[in-house]
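Chemist: Dropping the sequence and predicted coords here.
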Amino acid sequence: EVKRSGKNHVRFYSPELDLASGNLVERQRELRNALVQRQFMLYFQPKLNPYSGELNGVEALVRWQHPERGIVAPQEFIPMMERFGLIVELGNQVLELALQALQRWLAADRAIPVAINISPQQFGRDGFAEHIIARLTHYGVPYRLLTLEITETVAMADMTRTEAVLSRLREAGIPVSLDDFGTGYSSLSLLRVLAPNELKIDRSFIKDLAQSPAARVIVAPIIEMAHSLGMTVVAEGVENEAQADVLRSLGCDELQGFHYARPMTGEDFARWCFEQPSLAAVPA
Ligand code: C2E
Ligand code: MG
Ligand code: MG
Ligand code: MG
């Protein structure tokens, strides 16, 4: 990717460069070490009912708690982990952390659904569905409480296999969400074949929803079609009340975005819940 910076300069941009200096061998060693040291943690971002304001669940978003650099965002390390073949191990750790959070909340009588993001390599592994099922069983977490967010790109890599994996998950009752909807190929037939439980409309469509009639013309039929296929619709990246108003008028089922809450640590999420008048206490 080429980015223009200033008038005459063109510099090559790659996510690797964002993590200070050092060569690839050093980066790889550092990421491997971060996995061994369990330096990854989850932030949680609430997903709300647009009409009642109730908490419908959370999306778990990974962060790297770097000993010197502090909290590092996923765009800074996920591309590298994919490249180094470390993303599957990261995905496994994310799964464990999400199930531990679910277990903690369940122990306090709070069944809060958690969504995790699944990378293409992770989804592509043999026995993916069985592994998820085994871990849910191990933690004693009801299958319906863990949603798997996949993207269209993940799904399209090998359609025959994808269909088999998705039908296995459907059989087990593990919800699947199609993330960043609208940014990929988004073919209607793909949607019918994948039959996800939920569709997450990409942030880019939500952005101009309040000002641009064109954006509304795109989002309205997506919601309508998803509903007629029996899917739940989530809007991501809701940043103001005007956007929320439009989404409510279009019948959107769930809202997620900075307008309501940023992704936060488990502790901050517990505090956030405590401050919501409609919610009972959630343990950290
Ligand atoms: P995503 O799954 O689409 O997650 C939503 C992203 O939008 C998150 O960024 C979230 O912080 C951000 N966001 C939420 N509300 C707003 C808003 O109102 N405005 C704006 N501008 N942004 C908002 P984050 O946490 O940096 O994650 C970025 C991406 O990294 C995720 O996009 C997902 O694709 C990936 N990712 C995060 N955690 C994991 C993980 O555990 N495994 C894998 N494989 N990928 C992950
Ligand atoms: Mg997501
Ligand atoms: Mg998304
Ligand atoms: Mg997105």
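Modeler: That came through fine. Residues are numbered from 1 along each chain as shown. Ligands and ions are numbered 1, 2, ... in the order given.
Chemist: need the longest strand for the chain.
Modeler: strand 55-66 (DSSP state E).
Chemist: Counting by contacts, list what that strand packs against.
Modeler: Helices and strands touching strand 55-66, by 3 or more Cβ pairs under 8 Å, 6 or more residues apart in numbering; DSSP states H and E, are strand 40-48, strand 70-72, helix 87-107, strand 114-117. All C-beta atoms are positioned from the backbone trio N, CA, C, and that covers glycine.
Chemist: can you redo those as a markdown table with mean pLDDT?
Modeler: Putting the helices and strands packed on strand 55-66 into a markdown table (pLDDT from 0 to 100) gives the following:
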| stretch | mean pLDDT |
| --- | --- |
| strand 40-48 | 98 |
| strand 70-72 | 97 |
| helix 87-107 | 98 |
| strand 114-117 | 98 |
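Chemist: Let's have those in CSV, adding distance to ligand 1.
Modeler: Conversion of those to CSV gives the following (distance: least, Cβ to the nearest ligand atom, whole Å):
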stretch, distance to ligand 1
strand 40-48, 6
strand 70-72, 10
helix 87-107, 4
strand 114-117, 4
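Chemist: would you turn the ones you listed into JSON lines with mean neighbour count?
Modeler: Below are the helices and strands packed on strand 55-66 laid out as JSON lines (neighbours: other Cβ atoms under 10 Å):
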{"stretch": "strand 40-48", "mean neighbour count": "22"}
{"stretch": "strand 70-72", "mean neighbour count": "13"}
{"stretch": "helix 87-107", "mean neighbour count": "18"}
{"stretch": "strand 114-117", "mean neighbour count": "22"}
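Chemist: export those to CSV and tack on distance to ligand 2?
Modeler: As requested, the helices and strands packed on strand 55-66 are arranged in CSV below (distance: least, Cβ to the ion, whole Å):
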stretch, distance to ligand 2
strand 40-48, 9
strand 70-72, 18
helix 87-107, 12
strand 114-117, 5
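Chemist: Quick check: buried residues in stretch 50-59?
Modeler: By 16 or more other Cβ atoms under 10 Å, the buried positions in stretch 50-59 come out as 50, 55, 56, 57, 58, 59.
Chemist: Rebuild these as a markdown table, extending it with pLDDT and distance to ligand 1.
Modeler: Written out in a markdown table, the entries for the buried residues of stretch 50-59 read as follows (pLDDT from 0 to 100; distance: Cβ to the nearest ligand atom, whole Å):
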| residue | pLDDT | distance to ligand 1 |
| --- | --- | --- |
| 50 | 95 | 14 |
| 55 | 95 | 15 |
| 56 | 95 | 15 |
| 57 | 97 | 14 |
| 58 | 98 | 12 |
| 59 | 98 | 6 |
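Chemist: For ligand 2, state which of those residues is nearest.
Modeler: Proximity of those to ligand 2 was ranked by Cβ to the ion; the top entry is residue 59 with 5.6 Å.
Chemist: Near ligand 3, which residues of the stretch 101-250 of the chain are found?
Modeler: Where the stretch 101-250 of the chain comes near ligand 3, counting by Cβ under 5 Å from the ion, the residues are 179, 180, 236.
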